[in-house]
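Peer 1: One predicted model, sequence on top.
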Amino acid sequence: MLIIASACKEKEIIPKPENLLNEALYIDVFTEMELLKVYQNQKVSFAIIDSLYDEVLVKYDVDGEQFMEAHRYYQAQIEDQQRRVDTVIARLKKELNRIEEIQNRADSLDNE
């Protein structure tokens, strides 16, 4: 009986923020924030990451709190968020491929 009761427990609902970023804008900002995580993992200085974070927010005319509220709201929609994350991953892979192509061209020019 306890197991059934816990299974039926209502999911925590995140209220929709008043100034919710539309999904396309959210995905754009989310993609760039994930790129910053890559830089952070490469031991880029915190000051540089912090300034890049600010630049992303300025670029999209979004403030940090607005992005975080949207992020919490969208994360609560698990299946839809998985689709959004898949979109971000596809964009990051495309960008990585583009960078690798540029690097390969530069390397081949250096070898000529």
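Peer 2: Okay, I see it.

Peer 1: And for the closest residue to Asp80 other than its chain neighbours, the neighbour number?
Peer 2: Nearest residue to Asp80, sequence neighbours excluded (C-beta to C-beta, 6 or more residues apart in numbering): Tyr74, at 7.2 Å. All C-beta spots, glycine's among them, are computed from the backbone N, C-alpha and C. Tyr74 has 20 neighbours, counted by other C-beta atoms under 10 Å.

Peer 1: so which helix or strand takes in Tyr74?
Peer 2: Assessed by DSSP states H and E, Tyr74 sits inside helix 64-75.

Peer 1: could you pull out the helices for the chain?
Peer 2: 2-7, 23-41, 46-59, 64-75, 78-110 (DSSP state H).

Peer 1: Just tell me which of the ones you listed ends up closest to Lys16.
Peer 2: helix 64-75 (6.1 Å; C-beta to C-beta).

Peer 1: Just want the angle from the closest one to helix 78-110.
Peer 2: Counting by axes from the mean of the first three to the mean of the last three C-alpha atoms, to 10 degrees, helix 64-75 lies at 120 degrees to helix 78-110.

Peer 1: Contacts for helix 64-75, please.
Peer 2: Residues outside helix 64-75 that contact it (C-beta atoms under 8 Å, 6 or more residues apart in numbering): 14-17, 19-21, 23, 26, 29-30, 33, 53, 57, 80-81, 84.

Peer 1: Low-confidence ranges, the chain, go.
Peer 2: 1-12, 112 (pLDDT under 70).

Peer 1: How much space separates the most centrally placed residue in it from Lys43?
Peer 2: Nearest to the geometric centre of the chain sits Phe30, at 2.5 Å (C-alpha atoms, centre = their mean). Distance of Phe30 to Lys43, given as C-beta to C-beta, to the nearest Å: 23 Å.

Peer 1: Equivalent analysis for Arg105, please.
Peer 2: Distance, Arg105 to Lys43, by C-beta to C-beta: 27 Å.

Peer 1: I am finished for the moment; much appreciated.
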